[in-house]
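# Have a look; sequence and predicted model below, questions after that.
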Amino acid sequence: MGSVSEAVTGIKDGSSLLIGGFGEAGTPNKLVEAVSERGVKDLTVISNNAGRDKAGLGMLILHGQVRKLICSYPTVPGSDRVKQLLEKGEIELELVPQGTLVERIRAGGAGLGGILTPTGVGTYFSEGKTTISVHGRDYLVESALTADFALIKCQRADRWGNLVYKGTARNFNQIMASAGSITIAQCERIEREGIPPEVVHTPGIFVDRVIEMSEEPR
């Protein structure tokens, strides 16, 4: 893509977004900031955590652009914005155990309807959900997760959209790449000669747009 603003074209009021990253590792902050600058609102965001107040996803939340957040860690030290908005009824929060969140996204990318998990049976997380027994053990039925757009970050890409992640930045980015109707990758550099197939983490068939950024990869 020519610019970061062009890369996020099509994201509008009411869109759903998968946003990669784990804490500060592998978060596509430049893409998220571009979304914030568009001024879109009523977004549904699926992410492991809610970011910090003035960076990435935290910026969207700070500016009141997120209507619903689906995540495992809604607050971090020094960032209580989600809690404040929740108390005011200005944001909806769906809290999901981390392993369950990963599997729901993976199922969405694989075209499955959902998963079975023993996590949360008989607890707060089971309220309003179907419980079934398999071989004498109870499981919750959890629906798959997909989104209109997946915003992810990688270290390298090529002109066919094949991606390689650096270290722990692989985290949620890899599974989210397959679960977005349109997947947009922020990368450190684009390999003009292509990436050898044996080192590709995400095949280009899952990637729709790539934007080359100069910030240090995580």
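On my side now, so go ahead. Numbers count the residues shown, from 1 in each chain.
# those strands in the protein, which residues are they?
16-19, 43-47, 66-71, 92-95, 114-117, 131-134, 137-143, 147-158, 163-164, 180-191, 209-212 (DSSP state E).
# ok, the nearest residue to residue 185 once chain neighbours are set aside to residue 55 distance?
Excluding the flanking residues, the one nearest residue 185 by C-beta to C-beta, 6 or more residues apart in numbering is residue 210, at 4.9 Å. Where C-beta positions appear, they are placed from N, C-alpha and C, glycine not excepted. Using C-beta to C-beta, to the nearest Å, residue 210 is found at 22 Å from residue 55.
# Which one of those two is surrounded by more residues?
The neighbour count for residue 210 versus residue 55, taken as other C-beta atoms under 10 Å, is higher for residue 210 (22 against 15).
# Distance check, the residue nearest to residue 185 against residue 173.
From residue 210 over to residue 173 (counting by C-beta to C-beta), the distance is 13 Å.
# Same question for residue 85.
Going from residue 85 to residue 173 by C-beta to C-beta gives 26 Å.
# Which residue of the two possesses the greater neighbour count?
Remark: of residue 85 and residue 173, residue 173 carries more neighbours, 29 against 19, as counted by other C-beta under 10 Å.
# show me the contacts for that one.
Neighbour list for residue 173: 20-21, 26, 152-154, 165, 202 [criterion: C-beta atoms under 8 Å, 6 or more residues apart in numbering].
# Break down the chain into its helices, ranges please.
Under the criterion DSSP state H, helices of the chain are mapped to 4-7, 29-38, 57-62, 81-88, 98-109, 171-177.
# mind checking which of the ones you listed is nearest residue 194?
Closest approach to residue 194 among these (C-beta to C-beta): helix 171-177, 18.1 Å.
# pLDDT of stretch 202-215, averaged?
Averaging pLDDT along stretch 202-215 gives 90.
# So which bits of it are buried?
202, 204, 206-211, 213 (16 or more other C-beta atoms under 10 Å).
# closest to residue 40 among those?
When the buried residues of stretch 202-215 are compared against residue 40 (criterion: C-beta to C-beta), the nearest one is residue 209, at 16.9 Å.
# contacting residues for the nearest residue to that closest one once chain neighbours are set aside?
Leaving aside its sequence neighbours, residue 209 sits nearest to residue 184 (C-beta to C-beta, 6+ apart; 4.5 Å). Taking C-beta under 8 Å, 6+ apart, we find residue 184 in contact with 7-8, 28, 31, 149-152, 208-211.
# ok, so what distance separates the residue lying farthest from the centre of the chain from residue 118?
The outermost residue of the chain, judged against the average C-alpha position, is residue 136 (34.2 Å), by C-alpha atoms, centre = their mean. Residue 136 is 12 Å from residue 118, where distance means C-beta to C-beta.
# Kindly report the same for residue 107.
16 Å.
# Between the two, which is the more surrounded one?
Neighbours around residue 107 and residue 118, counted as other C-beta under 10 Å, are more numerous at residue 107. The numbers are 20 against 12.
# can you pull the contacts of the closest residue to that one other than its chain neighbours?
Spatial nearest neighbour of residue 107, chain neighbours left out: residue 144 (4.0 Å); criterion: C-beta to C-beta, 6+ apart. For residue 144, the contacting residues are 104-105, 107-108, 112-115, by C-beta under 8 Å, 6+ apart.
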